[in-house]
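In: Structure of the sequence below:
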Amino acid sequence: MHSSACGIRHWSLRNSKISHVKFELHCSSEAFSDEDVDNIDGVTSNTDCANYCVADEKCQVAVWREDTGRCALKSKLEEMQDDRDDYHSLVRVGFVNGTGIGDTGCSQREINEKCAEMVNLESDKAKAECLKQVNDAQREALKDRTDRERAEREWGESVARLEQSLRDTKRECRENLEKEIAERDRAVRAERERIERKARVDQAKAVQEERERLMKEFSEQLRTEKEACALTASKCAADREQALQAERDRLGKECNEKLRLEQILAGNKCAADLRNEQDRFSKDCSERLRLEQVHSDSKCSANLRAEQDRMSKDCSERLRLETERVQGKCSADLGRVTEERDRLSQQCSDDLRSAKEEKDHLETKCKQDLEERDRLETKCKQDLQEKDHLETKCKQDLQEKDRIAKECTDGRAQEQIRRKDDICYNPGFGAWPNTISTFDIDGTAYVVQPNSHLTLAFPTDHDATSPASCARDFCNNEPDCVGVEWTPNDNKNKCITFNESQNRPIKKDDIRSKPPHYMILKPDRLR
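Out: From the prediction side, this is the model:
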């Protein structure tokens, strides 16, 4: 609240709709607002300026400029500046019933006159809105019912398609199972054939190893026989040399003995003859010895060559026959094994290729079937969810319809009471008249205490559009809340609620004077 040298005065003016409108005069003060209602020139007094404000329902503040006679009408008070000469501000603070300044409030006639038009307008508007909402709800319910029937029909069709798909899938799975069994049988046969092929390969390998072993054995035997032949030839040469030496010794002894006898028999007489005979005999012995040696050498060489030829021919023939036999057998076995291997390899390749193609085809088909089944299951779930959503929405629409109907019948009365309270007892965050009697806000009684503040209580700040709305929203239903406090004309839409301590109740003595604060208090909480 602002003051000036002339002080603050409360005074009232008559209006055609209400008995009096009460203003608070702030001399040498200028009120400011961003929302001007009107500007009037040639006004000669505060009273005339206030009368212009009374005539306009939007006007809450009038500023009269004494030096120019200009009257500015404003819709609300945002700021007040003191020490402004020639400016005088008038703030509307309430209504006055009758002619007495102290009789402040609204009479039943004023309430009826003030609220009748608004009640009728609000009632008509509420009925129209209610009818519109009911019609909208009915149309929405009809649409929801249609959507639900369509969804149920589509859901039934989806279920039928899903059942058919499941039957097809079962048939496909049965066929796939039979194919899998046949494929496993083929795999068993292929494995058996693989084992047989491996056995044949092992057999061919064993034949090859046997052939190599025989070749090695024949080579070893041939080497042994060659060594035996060489040993026989060496022994034969030694025997031949020994025989020749023995024959020489025998012939030498014989010749010497014969010569000695001839010498004894013939004596010196036969020396010449003996020498001749000796020469002849020597030649004869030499010839005989040479012939015997030649004969012995020829015989031994012939025997040796014959034995060598026989053994070589025998070994070569045996080796040739065995080699031909083994080579023939191995060639025949190898040819049969090669042919069988090629045939089995080709058959195995064909079987593997066919099995792979069949497997790929079955895997693709099964994957497509599973994807189609998953899609159908997802579609069914979505249809069921849509059905549940539609049923829930129908229930919500019916509940909303019931709520709207209830609001149309019951909810407006309390709203009209609140509007009546706002009109008659709630000038806003301004300075209320001091003489307003005890009044109700949604059934909770309050009294006005100007220039007041509570001590020993717990304050809480709130945002509200008026003290009445602050009490209604933050104090009525709080058992520990004692009252509401605000600062007039601070233009912040702020209020404070006070809660008493559980250990110490609030008493009347706890109310302290604190201008310019205002309070509305619950009288039943003050002891």
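
In: can you pull the contacts of residue 465?
Out: Residues in contact with residue 465 (C-beta atoms under 8 Å, 6 or more residues apart in numbering) are residue 493. For every residue, glycine as well, the C-beta is placed using N, CA and C.

In: Which stretches in the stretch 1-150 of the chain count as helices?
Out: 46-55, 108-266 (DSSP state H, counting those that start in this stretch).

In: I'd like these laid out as CSV, including mean neighbour count and distance to residue 61.
Out: Converted to CSV, the helices of the stretch 1-150 of the chain look like this (neighbours: other C-beta atoms under 10 Å; distance: least, C-beta to C-beta, whole Å):
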stretch, mean neighbour count, distance to residue 61
helix 46-55, 19, 8
helix 108-266, 13, 20
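
In: Include distance to residue 523 and mean pLDDT when you put these into a markdown table, please.
Out: Output for the helices of the stretch 1-150 of the chain, formatted as a markdown table (distance: least, C-beta to C-beta, whole Å; pLDDT from 0 to 100):
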| stretch | distance to residue 523 | mean pLDDT |
| --- | --- | --- |
| helix 46-55 | 32 | 85 |
| helix 108-266 | 22 | 79 |
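
In: I'd like those written out as CSV, with distance to residue 318 added.
Out: Output for those, formatted as CSV (distance: least, C-beta to C-beta, whole Å):
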stretch, distance to residue 318
helix 46-55, 151
helix 108-266, 8
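
In: Which among those helices is found nearest to residue 343?
Out: Proximity to residue 343 (C-beta to C-beta) singles out helix 108-266 among the helices of the stretch 1-150 of the chain, at 10.0 Å.

In: picking up where we left off before, let me know which of the helices of the stretch 1-150 of the chain is the nearest to residue 438.
Out: Residue 438 sits nearest to helix 108-266 of all these, at 16.0 Å, using C-beta to C-beta.

In: after that closest one, next one along is what?
Out: helix 271-406 (DSSP states H and E).

In: Can you list the helices and strands that that following helix packs against?
Out: Helices and strands touching helix 271-406, by 3 or more C-beta pairs under 8 Å, 6 or more residues apart in numbering; DSSP states H and E, are helix 108-266.

In: just the angle between the helix it packs on and helix 271-406, please?
Out: Relative orientation of helix 108-266 versus helix 271-406 (axes from the mean of the first three to the mean of the last three C-alpha atoms, to 10 degrees): 170 degrees.

In: per the record, what domains does the chain have?
Out: As given by automatic domain parsing, the domain ranges for the chain are 1-104, 426-527.

In: mind checking pLDDT for residue 18?
Out: The score at residue 18 is 41. That number is its pLDDT.

In: Pick out the shakiest of the domains of the chain, pLDDT-wise.
Out: Sorting the domains of the chain by mean pLDDT places domain 1-104 lowest, at a mean of 75.

In: Confirm residue 484 sits in a helix?
Out: No. Per DSSP: H, G, I helix; E, B strand; the rest coil, residue 484 lies outside any helix segment and is strand.

In: what about the helices of the stretch 1-150 of the chain, which gets the closest to residue 490?
Out: Nearest of the helices of the stretch 1-150 of the chain (C-beta to C-beta): helix 46-55, 21.7 Å.

In: for the closest one, packing partners?
Out: Applying 3+ C-beta pairs under 8 Å, 6+ apart, one finds that helix 46-55 makes contact with strand 8-14, strand 20-27, strand 36-40, strand 61-65, strand 70-74, strand 87-96.

In: Tell me which residues are up against the fourth one.
Out: By that I understand strand 61-65. Identification of contacts with strand 61-65 by C-beta under 8 Å, 6+ apart yields 23, 30-31, 33, 43, 45-46, 49-50, 52-53, 70-77, 86-92.

In: Now do the nearest residue to residue 145 once chain neighbours are set aside: how many residues are near it, please.
Out: Closest residue in space to residue 145, ignoring its immediate chain neighbours: residue 394 at 7.1 Å, by C-beta to C-beta, 6 or more residues apart in numbering. By other C-beta atoms under 10 Å, 17 other residues sit near residue 394.

In: before we move on, what about the one 4 residues further on?
Out: Under the neighbour criterion other C-beta under 10 Å, residue 398 is assigned a count of 13.

In: Pop out the phi and psi values for residue 57.
Out: phi -70, psi -20 (degrees, to the nearest 10).

In: what's the distance between it and residue 158?
Out: Using C-beta to C-beta, to the nearest Å, we find residue 57 at a distance of 64 Å from residue 158.

In: ok, now how distant is the residue sitting nearest the centre point of the chain from residue 166?
Out: The residue lying closest to the centre of the chain (C-alpha atoms, centre = their mean) is residue 378, at 18.3 Å. Distance, residue 378 to residue 166, by C-beta to C-beta: 15 Å.

In: Kindly report the same for residue 159.
Out: 10 Å.

In: what do you get for residue 356?
Out: When residue 356 is compared with residue 166 (using C-beta to C-beta), they lie 29 Å apart.

In: next one: residue 229
Out: For residue 229, the distance to residue 166 - C-beta to C-beta - is 92 Å.

In: cool, and residue 37?
Out: Distance, residue 37 to residue 166, using C-beta to C-beta: 77 Å.

In: One more: residue 324?
Out: For residue 324 relative to residue 166 (C-beta to C-beta), the value is 73 Å.

In: again, but for residue 466
Out: Using C-beta to C-beta, residue 466 is found at 67 Å from residue 166.

In: Next, the contact list for residue 40, please.
Out: Per C-beta under 8 Å, 6+ apart, neighbours of residue 40: 49, 52, 70-71, 73.

In: at 10 Å what do you get?
Out: Going by C-beta atoms under 10 Å, 6 or more residues apart in numbering, residue 40 touches 48-49, 52-53, 62, 64, 69-73.

In: a markdown table for those, including distance to residue 178?
Out: Output for these, formatted as a markdown table (distance: C-beta to C-beta, whole Å):
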| residue | distance to residue 178 |
| --- | --- |
| 48 | 110 |
| 49 | 106 |
| 52 | 103 |
| 53 | 100 |
| 62 | 101 |
| 64 | 107 |
| 69 | 112 |
| 70 | 106 |
| 71 | 105 |
| 72 | 100 |
| 73 | 98 |
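
In: ok, which pair from the residues you listed is furthest apart?
Out: 53 and 69 (15.5 Å).

In: quick one: contacts for residue 206?
Out: Residues counted as contacts of residue 206 (C-beta under 10 Å, 6+ apart): none.

In: neighbours of residue 325, just the number please.
Out: Neighbours around residue 325, by other C-beta under 10 Å: 11.

In: Check the one 4 residues further on too.
Out: Residue 329 is surrounded by 13 other residues when neighbours are defined as other C-beta under 10 Å.

In: let's have the chain start at 857 instead
Out: Understood, numbering begins at 857; the last thing we discussed is residue 1185.

In: Not counting its neighbours along the chain, what's nearest it?
Out: Nearest residue to residue 1185, sequence neighbours excluded (C-beta to C-beta, 6+ apart): residue 1063, at 7.3 Å.

In: Against residue 1183, how distant is that neighbour?
Out: Shown here: residue 1063 relative to residue 1183, a distance of 11 Å by C-beta to C-beta.

In: For the nearest residue to residue 1015 once chain neighbours are set aside, give me its contacts.
Out: Spatially, and ignoring its direct neighbours in sequence, residue 1015 is nearest to residue 1236 (6.5 Å; C-beta to C-beta, 6+ apart). Going by C-beta under 10 Å, 6+ apart, residue 1236 touches 1011, 1014-1015, 1017-1018.
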